[in-house]
Every structure is written in C-alpha cells, then in structure tokens.
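Participant: Quick one: sequence plus predicted model below, questions after.
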Amino acid sequence: MTEPAERLRLDKWLWAARFFKTRSLAAQAVEGGRVRLNGERTKPAHGLRVGDRLRIHIGAYEWEIVVSALSGQRGSAIVARTLYEESAESEARRRRQREERKLRAEPAQALRGRPTKKDRRALERQRRAE
C-alpha cells in the first residue's frame, strides 16, 4: 500500500474536489486570481498541503475552505466533500445568496426572443406618441 502524498498540485486538487469540471478550468481560475491560497495568489502547480486555507470564487459564489485531505483522483461528490471543510460563515453567506437569487426576478425571463409583428407595431405607435 502506498503512503498518501504530502503535497498535491492545486489545480489537480480543485478538480478532484469537484470545484471545477476540468483541470484546465481549475488552472485558469488559479491564474486569474479567483483562487487564493492562504490569502495569496499562486500558480496552478503550487503544492497544496492538508490544513491550507483556500478562498474560491466561482460566479457569484465564494467558498472559504480548509483542506482536510489530499486526493489526485476525481471521485463521487460524497467523496469530494470529505476533502475539505467549509467555514460556517462561508456556508451561511452562500445559502443567503442562493435565497436572494430565488426571490429576485431574472430580467431576461420577461423576454421571449425577437418581437412579433404586433409587438413591433405597438413599439412604433408608442414612439410616434412620444
């Protein structure tokens, strides 16, 4: 049986922990500054250790996590969740953002594509009236 690695590439761990779909997306996020290791920008090949703190921005969400295990293999979501521990305030913030997004109406939902002939005529009438 082999001993677990003491260090693992950051992009590989992010991929294995299912934060990103591919390693190249993980590497791009690290290079773009959306992933911070112990509060600092780093490179995708930087060695990650157990106990390191990560701040990850993906879209509108932000995770603050502590690495609890290293794995270079991508497993199920249940296994991936055991690789890190999320801080309570980070989890609460993400939950609050998710609830706000549900309550807020998406502006694009009202749009149904190109205007119909009837819509166009109504717009023309409105413009003439102004």
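Facilitator: Received the coordinates, thanks.
Participant: packing partners for the longest helix that the chain contains?
Facilitator: As assigned by DSSP state H, the longest helix anywhere in the chain is helix 88-103. In terms of contacts (3 or more C-beta pairs under 8 Å, 6 or more residues apart in numbering; DSSP states H and E), helix 88-103 is packed against strand 61-67. Just so you know, the C-beta spots here come from the backbone N, C-alpha and C atoms, and that holds for glycine as well.
Participant: Spell out the residue ranges of the helices in the protein.
Facilitator: 10-16, 23-31, 77-81, 88-103, 117-129.
Participant: Check the offset of the longest helix of the chain from the chain's centre.
Facilitator: Centroid displacement of helix 88-103 relative to its chain, using C-alpha atoms, centre = their mean, to the nearest Å, is 14 Å.
Participant: if we can go back for a sec, let me know which of the helices of the chain is tucked in deepest.
Facilitator: helix 10-16 (a mean of 23; mean count of other C-beta atoms under 10 Å).
Participant: avg pLDDT for that helix?
Facilitator: Averaged over helix 10-16, pLDDT sits at 95.
Participant: picking that back up, want to throw the helices of the chain into JSON lines with distance to A69?
Facilitator: Listed next are the helices of the chain as JSON lines, based on distance: least, C-beta to C-beta, whole Å:
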{"stretch": "helix 10-16", "distance to A69": "9"}
{"stretch": "helix 23-31", "distance to A69": "17"}
{"stretch": "helix 77-81", "distance to A69": "10"}
{"stretch": "helix 88-103", "distance to A69": "18"}
{"stretch": "helix 117-129", "distance to A69": "56"}
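Participant: and of the ones you listed, who's closest to Y61?
Facilitator: Nearest to Y61, of all these, is helix 88-103, at 5.4 Å by C-beta to C-beta.
Participant: Compute the inter-axis angle for the closest one and strand 61-67.
Facilitator: 160 degrees (axes from the mean of the first three to the mean of the last three C-alpha atoms, to 10 degrees).
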